[in-house]
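1. sequence unknown, structure follows:
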């Protein structure tokens, strides 16, 4: 069997969408499992919309996902070049073969004439199909028009009949040629069309399997016609389902993040996104959901790809991401959180000089509760700055006179504690609860609210140790003053702001 060669061929007209990333992943997995080659080709024939920054972004995102390629721009390879704008001479050679053999012809119809044909078809209630009047020109007539300087396009001569091909995922597909007109290969301005250049590239790069989204399914019969007109061997085709939002429309920005770079900025790990993309349209056994990259290489196969569209769930991705954050090395999570906090201007050099070591410990305490790296800012607001608001329901619960002596006892214990460690603090408060006849929780819950502003948090005593005696005392005293002030008003308030320092 010939070597497996697959390709991912993005257009640099925008950043890498997760749909494109999923296509790249399926190609990469297929190649890696078969011991074949994964080719990256840049389809930049749309000169107006293609931009270097988009190409750079696509390459950067593929590298972040860990999808390496065997041939491509910069890396090179035996069947390059790997940018379409660098392959013009190859397209000219193949076009000459088509016209010389009579399988393609020059069309001199003007835009106005074609629009008139289209309008006539619409008026008659028919779908538009080029009349083919220029295919009737003799070689001499066609040459004379060319020499006279008339602008022209080049069309493929499509014979009557039908094209049938076997799709690995969708089974046998048949398209009648009555649905395909003599489509354009090269426009009048000399720009080659997508179907023409893609076919030539895939053929000359010896692509064995074309694995792509099923939005390209309608292009396949046209490309097969070009292959056959040039006498080229056909690859195998596999059209994978599209990715939809939860409203069953194509996934886009209005659903949330849809570009790989945006998921990265929001704090998703590449292994989580890769794992999730693999589950969109593919399943091993209907129940296994966690896959490392090595697992996927061993187990991926196209026969387990479904025909129906895949629905993107941000909730499911967050669950997977939380799993991978918990499994990740603490130093890696710390560095990712640090980078995020710097970029968000939540910390600066002065902060790091004073609180750098404590920040690392603080991130360690919240690591297992993070769903994304970007959650870290919200999770440790009480460490990054002062507490300026309190959980409304919890504040209402503790806005009673009985809270004051409890917090006053908390202040005394904190002041008297010399070995200010989580273990010793917890032991002291357990002793105090026994001495006073109160439950341990009666001290912990209002103390947590005073120090963090929250009804729930990681281990409170670890947080107290990290925050330090001074900050905790100030917050408890302030909270006592707030309760006294509010009670003295003799009225209920929902979420008062603390007094100015």
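-> Received the coordinates, thanks. This is a predicted model, so every value here is computed, not measured.
2. Which parts of the stretch 201-350 of the chain are strands?
-> 209-213, 236-240, 243-244, 310-311 (DSSP state E, counting those that start in this stretch).
3. cool, the stretch 51-200 of the chain as well?
-> 104-107, 153-156, 162-167, 171-176, 184-186.
4. just the angle between the third one and strand 209-213, please?
-> Taking axes from the mean of the first three to the mean of the last three C-alpha atoms, to 10 degrees, strand 162-167 and strand 209-213 form an angle of 90 degrees between their directions.
5. Could I get the strands of the stretch 201-350 of the chain in TSV, plus columns for mean pLDDT?
-> Shown next, in TSV, are the strands of the stretch 201-350 of the chain (pLDDT from 0 to 100):
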stretch	mean pLDDT
strand 209-213	98
strand 236-240	98
strand 243-244	94
strand 310-311	93
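6. ok so, going back, right, and the strands of the stretch 51-200 of the chain - which one's nearest residue 331?
-> The closest of those to residue 331 is strand 162-167. By C-beta to C-beta, the value is 46.6 Å. From N, CA and C alone the C-beta is placed, and that goes for glycine too.
7. residue contacts, residue 87?
-> Contacts here follow C-beta atoms under 8 Å, 6 or more residues apart in numbering; on that basis residue 87 touches 81, 197, 200-201.
8. and residue 86, which of the strands of the stretch 51-200 of the chain is closest to it?
-> Of all these, strand 184-186 comes closest under C-beta to C-beta, at 17.3 Å.
9. Counting by contacts, list what that closest one packs against.
-> Packed against strand 184-186 by the contact rule (3 or more C-beta pairs under 8 Å, 6 or more residues apart in numbering; DSSP states H and E) you find helix 88-100, strand 153-156, helix 194-204.
10. Would you mind pulling the contact partners of the last one?
-> Outside of helix 194-204, the residues within contact range by C-beta under 8 Å, 6+ apart are 7, 9, 41, 43, 45, 79, 84, 87, 90-91, 94-95, 183, 185-186, 207, 210, 219, 222-223, 226-227, 230, 232-233, 235.
11. if we go to 6 Å?
-> Contacts of helix 194-204 with the rest of the structure, by C-beta atoms under 6 Å, 6 or more residues apart in numbering, involve 84, 91, 94, 185, 219, 222-223, 226, 232.
12. Quick one: which of those residues is the most crowded by neighbours?
-> residue 185 (28 neighbours; other C-beta atoms under 10 Å).
13. Can you tell me the closest non-neighbouring residue to that one?
-> residue 196 (4.2 Å; C-beta to C-beta, 6 or more residues apart in numbering).
14. measure that neighbour to residue 55 for me?
-> 22 Å (C-beta to C-beta, to the nearest Å).
15. got the contact list for the most centrally placed residue in the chain?
-> Closest to where the C-alpha atoms of the chain average out (C-alpha atoms, centre = their mean) is residue 260, at 3.1 Å. Residue 260 makes contacts with 16, 21, 61, as judged by C-beta under 6 Å, 6+ apart.
16. Distance of the first one relative to residue 448?
-> Shown here: residue 16 relative to residue 448, a distance of 43 Å by C-beta to C-beta.
17. And for the last one?
-> Counting by C-beta to C-beta, the separation of residue 61 from residue 448 is 41 Å.
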